[in-house]
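Novice: here is my input, please return the structure:
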Amino acid sequence: MMIKIRKVQESDRESYLQMAHDFYHSPAVLHPIPDSFIEKTFNECMKEDAYAIAYLLEYDGETAGYGLLAKTFSQEAGGFVFWIEELYVLEKFRSKGLGGKFFQMLEEERSPEVVRFRLEVEDDNERAIALYRRLGYEELKYSQMVKDFAAGG
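Specialist: Coordinates of the predicted model:
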């Protein structure tokens, strides 16, 4: 078994767009999003000073999933926070260690300025919650609130 994790490249566009579309039409999320949002994210990941970083997960040379980070700064945490926005593994590659390997890579490559990883998980996603707890993540007792504006407006 060979697991490889690398930053997404322009040549991965179609693969990434399809996987992200599938992710947003799965029970792992509250609701689907427009494909145009997924394309905007991919385009942001291609910028040198990107606020989003996407990774491609490969298993024995096959595309197996992707991970997406968003960078922010937190006064509460005292430094940079990487939001683990998404981790999606294609069904046939689940339970093969890809999630654990992805988190291991993030920690090994973390710069000292990054003081927290943060993620969201659906309450009924028991497999993901079990993985995150095994990796040392704990629940943050905040309720999130959002106010959306029209994209680009």
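
Novice: top strand in the chain by residue count?
Specialist: Ranked by number of residues, the top strand in the chain under DSSP state E is strand 62-74.

Novice: helices and strands around that strand, which ones?
Specialist: If contacts are counted by 3 or more CB pairs under 8 Å, 6 or more residues apart in numbering; DSSP states H and E, strand 62-74 sits against helix 13-23, strand 52-59, strand 79-89, helix 98-109. To be clear about C-beta, it is placed using only N, CA and C from the backbone, and glycine gets the same treatment.

Novice: name the residues that touch that strand?
Specialist: With contact meaning CB atoms under 8 Å, 6 or more residues apart in numbering, strand 62-74 is reached by 3, 5, 8, 12, 15-16, 19-20, 41, 45, 51-58, 79-90, 93, 96, 98, 102, 106, 115-116.

Novice: what is the mean pLDDT for that strand?
Specialist: Across strand 62-74, pLDDT averages out at 96.

Novice: roughly how far is it from the heart of the chain?
Specialist: 3 Å (CA atoms, centre = their mean, to the nearest Å).

Novice: what are the buried residues along that strand?
Specialist: Buried residues in strand 62-74, counted by 16 or more other CB atoms under 10 Å: 63-70.

Novice: thanks again, I'm all set now.
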